[in-house]
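>>> The following comprises the amino acid sequence and a computationally predicted model.
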Amino acid sequence: MRQVGHFIGGKHVAGTSGRTADIYQPMDGSVIGKVALASPAEVRAAVENAAAAQPKWAAVNPQRRARVLMKFLDLIAQNNEELAELLAREHGKTIADAKGDIQRGVEVVEFSLGVPNLMKGEFTDGAGPGIDIYSLRQPLGVCAGITPFNFPAMIPLWKLGPAIACGNAFILKPSERDPGVPMRLAELFLEAGGPPGILNVVNGDKEAVDAILDDPDVKAIGFVGSTPIAEYIYARGCANGKRVQCFGGAKNHMIIMPDADMDQAVDALIGAGYGSAGERCMAISVAVPVGKATADELVKRLIPRVESLKIGPSTDSSADYGPVVTKAAMEKIKAYVDLGIEEGAKLVVDGRDFKMQGYENGFYVGGCLFDHVTKDMRIYKEEIFGPVLGVLRAESYDEALKLTNDHEYGNGTAIFTRDGDAARDFASKVQVGMIGINVPIPVPLAYYTFGGWKRSVFGDLNQHGPDSIRFYTKTKTVTARWPSGIKDGASFVIPTMG
Ligand code: NAD
């Protein structure tokens with residue numbers, strides 16, 4: 001059985017804490033490996049390695065740092081099939097979807113290749129008599145990323161790409177459920193010429209995370225995961241004086257206006273609601289049709305599409321989606337469906353009893369569809385993170401907008417309409433970070449920034465795009481005057497340029 005340890009200082013090291021977690025293969029429910037859970041001493045060893053390597057890496061000019069990342073991208077491309085297969089095996093998503101997971105991560109590393117330009121400061125010539133002012137961007141030192149199970153390539157790459165490009169050393173604490181790809185990324189970075197200690201992977205659970213949060217040499221932490229953990233990490237990391245950004249859970253609404261192209265809206269809901277078994281922070285989990293006629297038509301069209309979803313093992317290239325990540329996740333999703341019935345929502349497609357022939361122990365949940373969900377129900381308020389779509393009928397656009405705005409989460413949302421005025425109004429007034437207009441999963445491309453609002457985020461700066469460079473660097477501003485410049489004697493008042 002595969003044993004996964006840690007990757008510290010450019011080497012694989014076995015875990016020494018004596019604690020491990022099982023790694024499952026969700027498609028058949030088997031245990032395929034064990035991952036070590038790091039102790040605080042193991043985290044400390046990784047931080048010490050990172051801190052020792054970082055100053056030299058920061059002194060490498062940014063163009064050369066970018067070249068190492070370029071080679072890293074080449075190696076990811078060369079090993080794409082193997083990485084996608086490993087990712088799908090541990091996570092459960094289909095191989096085609098796993099390739100998308102890798103690709104969206106690669107795009108952020110590609111953005112980071114522009115670091116010589118992105119890290120440039122500003123310069124003012126002659127800000128005063130003989131005085132120039134300029135600003136510098138400098139790396140923070142050792143940064144850490146704590147990442148979720150659902151995008152085991154994309155989110156680690158969103159964190160480590162810009163952090164390392166900016167001259168930091170990085171400690172990645174990936175999800176203990178699918179550590180295989182993060183470990184391969186660390187190997188490939190080394191093979192690409194990345195110095196030992198610049199990219200370390202420490203596997204673990206709360207104990208490792210707490211050690212990262214409390215380590216005085218970790219200067220910044222980027223977290224992605226569920227909201228309660230995001231809030232905890234933000235509070236403890238900030239209390240320890242670190243720069244912290246935490247991206248949390250979601251309940252993404254899709255508004256369907258009476259004038260929407262219904263074929264387009266139904267296709268969008270099927271893909272965005274059920275793709276990756278609904279285990280995406282940008283999945284659509286609530287459909288909000290406006291008006292009874294729109295709702296009736298939508299539900300009528302959705303039912304046969306949900307019933308005919310093709311679920312399969314991750315290796316089945318014709319499957320729409322695969323199993324969910326663990327047995328516990330499967331049970332939790334089914335319990336939410338039970339709860340929805342108790343709460344009075346109408347379950348119009350029931351996927352709870354789905355069994356995958358030949359893979360009876362796999363963690364499968366068939367597509368479920370609820371109609372007549374209301375805003376006081378827990379299945380509406382809470383994140384289910386499974387292939388369960390709820391339809392909440394609104395009487396007007398204003399009601400649909402208010403619903404979206406009143407929800408505690410504000411990660412992504414979409415409006416389907418042909419009415420430019422309604423779309424513009426929605427984009428302007430909705431209290432959500434990422435908006436789609438006839439686009440159901442509006443994940444911004446790498447050169448824009450990614451982040452939600454409300455309790456989907458804790459912190460100020462978004463992920464990737466220009467904000468990632470701001471997050472992983474500190475600014476210094478220099479005011480310079482030379483002895484040959486104007487001498488105006490000692491001054492006892494606050495200097496002004498007026
Ligand atoms: P999770 O919160 O359970 O775990 C995330 C990370 O935190 C993992 O590395 C895990 O080991 C660690 N962790 C778990 N419990 C901890 C604890 N008590 N103390 C300290 N660390 C702990 O999330 P998950 O189940 O891996 O991922 C799914 C969640 O992530 C969903 O809520 C989803 O919406 C969210 N997500 C958000 C975004 C976003 O950008 N907003 C993107 C992807 C996923």
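Thanks, I have the structure now. Numbers count the residues shown, from 1 in each chain.
>>> What ranges does the stretch 251-400 of the chain have for its helices?
Applying DSSP state H, counting those that start in this stretch to the stretch 251-400 of the chain gives helices spanning 262-274, 292-307, 327-343, 378-381, 397-406.
>>> what's the answer for the stretch 1-150 of the chain, then?
40-59, 62-78, 80-91, 95-112, 115-118.
>>> Save those helices as CSV, and put in distance to the ligand too.
C-beta: built from backbone N, CA, C; applies to glycine. Listed next are the helices of the stretch 1-150 of the chain as CSV, based on distance: least, CB to the nearest ligand atom, whole Å:
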stretch, distance to the ligand
helix 40-59, 12
helix 62-78, 20
helix 80-91, 11
helix 95-112, 11
helix 115-118, 21
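>>> How about Tyr321, nearest residue that isn't a chain neighbour?
Among residues not flanking Tyr321 along the chain, Ala277 sits closest, at 4.7 Å (CB to CB, 6 or more residues apart in numbering).
>>> again, but for Ser456
Per CB to CB, 6+ apart, closest to Ser456 is Asn411, 4.0 Å.
>>> Please list all residues in contact with Cys246.
Gly222, Phe223, Val224, Gly225, Ala230, Glu231, Ile233, Tyr234, Val457, Phe458, Gly459 (CB atoms under 8 Å, 6 or more residues apart in numbering).
>>> what mean pLDDT does the strand or helix carrying the fifth one have?
Which is Ala230. In the assignment (DSSP states H and E), Ala230 maps to helix 227-239. For helix 227-239, the mean per-residue pLDDT is 98.
>>> Strand partners (parallel or antiparallel) of the following helix or strand past it?
With elements assigned by DSSP H and E, the helix or strand that comes after helix 227-239 is strand 243-247. Using DSSP bridges, the strands paired with strand 243-247 in its sheet are strand 218-224 (parallel), strand 457-458 (antiparallel).
>>> coming back round to it: include distance to Lys120 and mean neighbour count when you put the helices of the stretch 251-400 of the chain into a markdown table, please.
What follows is the helices of the stretch 251-400 of the chain, written out as a markdown table (distance: least, CB to CB, whole Å; neighbours: other CB atoms under 10 Å):
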| stretch | distance to Lys120 | mean neighbour count |
| --- | --- | --- |
| helix 262-274 | 38 | 20 |
| helix 292-307 | 50 | 17 |
| helix 327-343 | 45 | 16 |
| helix 378-381 | 45 | 17 |
| helix 397-406 | 38 | 18 |
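>>> Which one, of the ones you listed, ends up nearest to Ala77?
helix 262-274 (25.8 Å; CB to CB).
>>> Off-centre distance for the lowest-mean-pLDDT helix or strand in the chain?
Of all helical and strand segments in the chain, the minimum by mean pLDDT, DSSP states H and E falls on strand 123-128, at a mean of 93. The chain centre lies 40 Å from the centre of strand 123-128; the measure is CA atoms, centre = their mean, to the nearest Å.
>>> cool, stretch 456-471 as well?
For stretch 456-471, the distance to the chain centre is 11 Å (CA atoms, centre = their mean).
>>> what mean pLDDT does that stretch have?
The average pLDDT within stretch 456-471 is 97.
>>> cool, stretch 44-60 as well?
98.
>>> got the buried residues for that stretch?
For stretch 44-60, the neighbour count (16 or more other CB atoms under 10 Å) marks Arg44, Ala45, Ala46, Val47, Glu48, Asn49, Ala50, Ala51, Ala53, Gln54, Trp57, Ala58 as buried.
>>> The fourth one contacts Asp215, correct?
Yes - A contact is recorded between Val47 and Asp215 when judged using CB atoms under 8 Å, the distance being 5.2 Å.
>>> who's in contact with the residue in the chain that the ligand sits nearest to?
Shortest the chain-to-the ligand distance, computed as CB to the nearest ligand atom: residue-wise this is Gly225, at 2.6 Å. Contacts for Gly225 (CB under 8 Å, 6+ apart) come out as Ile146, Thr147, Pro148, Cys246, Phe247, Gly248.
>>> Could you report the pLDDT at the spatially most central residue of the chain?
Closest residue to the average C-alpha location of the chain: Ile155 at 4.8 Å, with CA atoms, centre = their mean. Note on Ile155: pLDDT of 98.
>>> what packs against whichever strand or helix holds it?
Element membership of Ile155 [criterion: DSSP H and E] is helix 154-165. Packing partners of helix 154-165 (3 or more CB pairs under 8 Å, 6 or more residues apart in numbering; DSSP states H and E): helix 62-78, helix 95-112, helix 115-118, strand 142-146, strand 169-173, helix 180-191, strand 218-224, helix 466-471.
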